[in-house]
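Student: pasting the sequence and the predicted coordinates here, then a few questions.
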Amino acid sequence: MYLIGDFHDQESTVRAVLDLKANGFNADDLDVFSDEPLEFRRGVLDRRSRMSLAVVTGAIIFCLLAIGFVHFTQYNYQLVTGGMPTFSFWATGVVFYELTLFGAIVTTFFWFLRESGLPRRASRPSAPMREPGTICVQVRSRLDQAEAAHRLLERAGANNVRRIGDAT
Amino acid sequence: MAIASKVMPYDEVRRDLWRPLSGASSRYIVVLVLLSAVALWGLVAWGYQLYRGIGVAGIRRPVFWGFYLVNFVFWIGISHAGTLISAILRLTDAGWRKPVTRAAEAITVFALMIGGMFPIIHLGRAWLFFWLFPYPNSRLLWPNFRSPLLWDVTAISTYLTGSIIYLFLPLIPDVAQLSTHAAGWRRLLYRTLSLGWTGSDREWHALERAMKLMAGIILAVAVSVHTVVAWDFSMSVAPMWHSSIFGPYFVVGAIFSGIAALLVVMSIIRKTMHLEKYLTPHHFNNLAKLLLLMSLLWLYFTVAENLTAWYGNEPKEMSVFGARVRGNFAPYFWIMVFCNFAVPFVLLGIRRLRSILTATIASVTVLIGMWLERFLIIIPTLSFGRLPAAWGHYAPTWVEISISVATFAVMGVLYLVFSKLFPIVSVWEFEPHSEAEE
């Protein structure tokens, strides 16, 4: 089940998140919804990201594929090069550079979709309804933890705590 | 320099920035129809060229690259507006960029789409443009990847893909909010584009990370794109083209004309969409100073390029150089210097004269000057090549002029439609500011 608390400022949101984490809820159980990005200090709600690593990997893969492809085309139908090498790395370097960056761009986009969970499928829980400007903290909780989570959200300053979903 | 005297509530920001999306004034419709008519005329001219053949254009021996290639280089240059303003300022965390970025990123995408069309228009048999794609065609030939023209294709395709993603990513939170308020086809459009965005911290975190990475990548692509465009010229051993500084020279010119285009667009949307509270004199002042800096850099490169040619006194180079500065092309050359240096230097260099109006005037002159610069780089070298017996002149025909003018109209149409569909200032990125900041 999910418990949802509405907050009006960032400080009370941070308090709620820290209290929940101190009482056994981990970061994966928590979601914070807002109209604009909230900047939490380190240690509050850290989200691990491998986007940079993925982008570098994507770029390298595209670069190798580009080199392989151009190499193949140059030998597949050999042009008259006047004694110059059939496959010239320097003369085709721009193509490799651009396709490397193309790989980085495409990987960034797809990794963004992966990490953000977009495009959101209908089967996944949707965002809680909230007033514009409010911050929502959503806690995934077992039935036996629900009371404690409810109390923690209220103590941190949530003005409206509600429960949705089945017990898990 | 005064702007909102108090911090503006988020609701007010949203109301102000969403207002231009609803309804269309009669003035908007008239401008849209006029621009569409001009764009349509350009399409008719292109259709005529396709029907009659490339001979209806003024490009013929020895000047095989005419207005089409001038426009190609010009529009690719304009596309640097979005990259510079958005990517550099995002990486340096400059807060003032926020109301400016989307307007700039949209320019990039539209300018690239327009610029990318010109090599196809220039082909003559435009329906065979897919021969540039890397697949073995009917003669089992592959494209020649050693050719700078193929470098162009990969560079521009990469830049266009990156620019569309770079424009789209920060648009997601805005369209998600719009989807809850819109109705009918707009609701469907916004819901589709929002990809089910909910505003969770995971999504924000991924978005910010992706934008930071994209800013770095797109900068590397942008610099390379105009360098590659410069190499189209400098890789050939033609007088006044075979120069090692052509890459950076083109990049500087591209950023210069990009900022000018952005200033013109900002000035128009500020007035017509009543965005005075968001696009403040502070933004114009900062961009005007940037434009002045680029003007000085452009002058430095122009002097460096021409002085070395003049001092070298190589006969082939001197015939092109002479045609530019004191021959047939001299009026264009000196108008270019006046537009690109004298006007910005006076209007933006003297602090008392610097205002939104003067920044806009200077930007318009810079756009004219930069178009002339592209013309002066391409045409004189082809007119006065290495063989005096093969010298010739170039005169554009009505077909080329119509298509060239139409591209400006197409830019206007695309921008008008975009500004009716999406907030031209990023709502979620906009941080309400106070007078003290100014």
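Tutor: Structure's in. What do you need? Keep in mind that this is a model prediction, so the values were computed, not measured.

Student: spell out the secondary structure type for residue B:278.
Tutor: Three-state assignment for residue B:278 (DSSP: H, G, I helix; E, B strand; the rest coil): coil.

Student: what residues are up against the closest residue to chain B within chain A?
Tutor: Using C-beta to the nearest C-beta, the single residue of chain A nearest to chain B is residue A:120, 2.7 Å away. The C-beta positions use only the backbone N, C-alpha and C, and glycine is treated the same way. Going by C-beta atoms under 8 Å, 6 or more residues apart in numbering or on different chains, residue A:120 touches A:126, B:195, B:196, B:197, B:198.

Student: does it sit in a helix or strand, and which one?
Tutor: For residue A:120, there is no host helix or strand (DSSP states H and E).

Student: measure it to residue B:317 for me?
Tutor: Separation of residue A:120 from residue B:317 (C-beta to C-beta, to the nearest Å): 61 Å.

Student: and for residue B:212?
Tutor: Distance, residue B:212 to residue B:317, using C-beta to C-beta: 45 Å.

Student: more neighbours: which of those two?
Tutor: Comparing residue B:212 with residue B:317 by other C-beta atoms under 10 Å in any protein chain shown, the one with more neighbours is residue B:317, at 22 against 17.

Student: could you give me the PyMOL selection string for whichever of the contacts of residue A:120 are buried?
Tutor: Here is the PyMOL command that selects the buried residues among those (16 or more other C-beta atoms under 10 Å in any protein chain shown):
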select buried, chain B and resi 195+196+197+198
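
Student: could I get the contacts of residue A:120 as CSV with distance to residue B:108?
Tutor: What follows is the contacts of residue A:120, written out as CSV (distance: C-beta to C-beta, whole Å):
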residue, distance to residue B:108
A:126, 34
B:195, 22
B:196, 27
B:197, 23
B:198, 29
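
Student: which of the contacts of residue A:120 sit farthest apart?
Tutor: The largest distance within the contacts of residue A:120, taken as C-beta to C-beta, falls between A:126 and B:195 and amounts to 13.1 Å.

Student: related to what we said a few turns ago, which of the contacts of residue A:120 sits closest to residue B:73?
Tutor: Nearest to residue B:73 among these, counting by C-beta to C-beta, is residue B:195 at 36.1 Å.

Student: mind listing what the closest residue to residue B:133 other than its chain neighbours touches?
Tutor: Computed as C-beta to C-beta, 6 or more residues apart in numbering or on different chains, the closest residue to residue B:133 that is not its neighbour in sequence is residue B:143, at 7.4 Å. By C-beta under 8 Å, 6+ apart, residue B:143 lies in contact with A:73, B:131, B:132, B:133, B:134, B:150, B:153.

Student: which of the residues you listed lies at the shortest distance from residue A:13?
Tutor: Nearest member of those to residue A:13, counting by C-beta to C-beta, is residue B:153, at 49.3 Å.

Student: where's the closest one relative to chain A, distance?
Tutor: According to C-beta to the nearest C-beta, to the nearest Å, residue B:153 stands 9 Å off from chain A.

Student: so how far is the helix or strand harbouring that residue off the chain centroid?
Tutor: Using DSSP H and E, the secondary-structure element containing residue B:153 is helix B:148-168. Chain-centre distance of helix B:148-168: 13 Å, with C-alpha atoms, centre = their mean, to the nearest Å.

Student: quick one: mean pLDDT for that helix?
Tutor: Averaged over helix B:148-168, pLDDT sits at 92.

Student: quick check: buried residues in whichever helix or strand comes after it?
Tutor: Per DSSP H and E, the first helix or strand lying C-terminal to helix B:148-168 is helix B:171-181. For helix B:171-181, burial by neighbour count (16+ other C-beta under 10 Å) applies to B:171, B:172, B:173, B:174, B:175, B:176, B:177, B:178, B:179.

Student: same question for stretch A:15-27.
Tutor: Quick answer for stretch A:15-27 (16+ other C-beta under 10 Å): A:15, A:16, A:17, A:18, A:19, A:20, A:21, A:25, A:27.

Student: secondary structure added to these, as CSV?
Tutor: Listed next are the buried residues of stretch A:15-27 as CSV, based on three-state DSSP:
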residue, secondary structure
A:15, helix
A:16, helix
A:17, helix
A:18, helix
A:19, helix
A:20, helix
A:21, helix
A:25, coil
A:27, helix
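
Student: quick one: residues contacting residue 141.
Tutor: No chain in the question, so chain A it is. With the criterion set at C-beta under 8 Å, 6+ apart, residue A:141 makes contact with A:1, A:2, A:3, A:25, A:29, A:149.

Student: to clarify, I was referring to chain B.
Tutor: Residue B:141 makes contact with residue A:77 under the criterion C-beta under 8 Å, 6+ apart.

Student: that one belongs to a helix, doesn't it?
Tutor: No: under three-state DSSP, residue B:141 sits outside any helix and is assigned coil.

Student: and the pLDDT at it?
Tutor: At residue B:141, pLDDT is 76.

Student: how about residue B:413: what's its closest non-neighbour residue?
Tutor: Using C-beta to C-beta, 6+ apart, the nearest residue to residue B:413 is residue B:35, at 4.9 Å.

Student: circling back to that earlier point, export the contacts of residue B:143 to CSV and tack on secondary structure, neighbour count and distance to residue B:406?
Tutor: CSV is the format used below for the contacts of residue B:143 (DSSP: H, G, I helix; E, B strand; the rest coil; neighbours: other C-beta atoms under 10 Å in any protein chain shown; distance: C-beta to C-beta, whole Å):
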residue, secondary structure, neighbour count, distance to residue B:406
A:73, helix, 21, 36
B:131, helix, 14, 25
B:132, helix, 17, 23
B:133, coil, 10, 26
B:134, coil, 15, 31
B:150, helix, 19, 28
B:153, helix, 22, 23
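
Student: which of those residues has the weakest pLDDT?
Tutor: residue B:134 (74).

Student: that one and residue A:76 touch, don't they?
Tutor: No: using C-beta atoms under 8 Å, residue B:134 is not in contact with residue A:76; the gap is 11.2 Å.

Student: quick check: domain ranges of chain A?
Tutor: A:2-35+A:134-164, A:51-116 (automatic domain parsing).

Student: does the closest residue to chain A within the stretch 51-200 of chain B lie in a helix or a strand, and which?
Tutor: Using C-beta to the nearest C-beta, the single residue of the stretch 51-200 of chain B nearest to chain A is residue B:196, 2.7 Å away. Assigned by DSSP H and E, residue B:196 falls within no helix or strand.

Student: quick one, what contacts residue B:75?
Tutor: For residue B:75, the residues meeting the contact criterion (C-beta under 8 Å, 6+ apart) are B:111, B:112, B:114, B:115, B:118, B:407.
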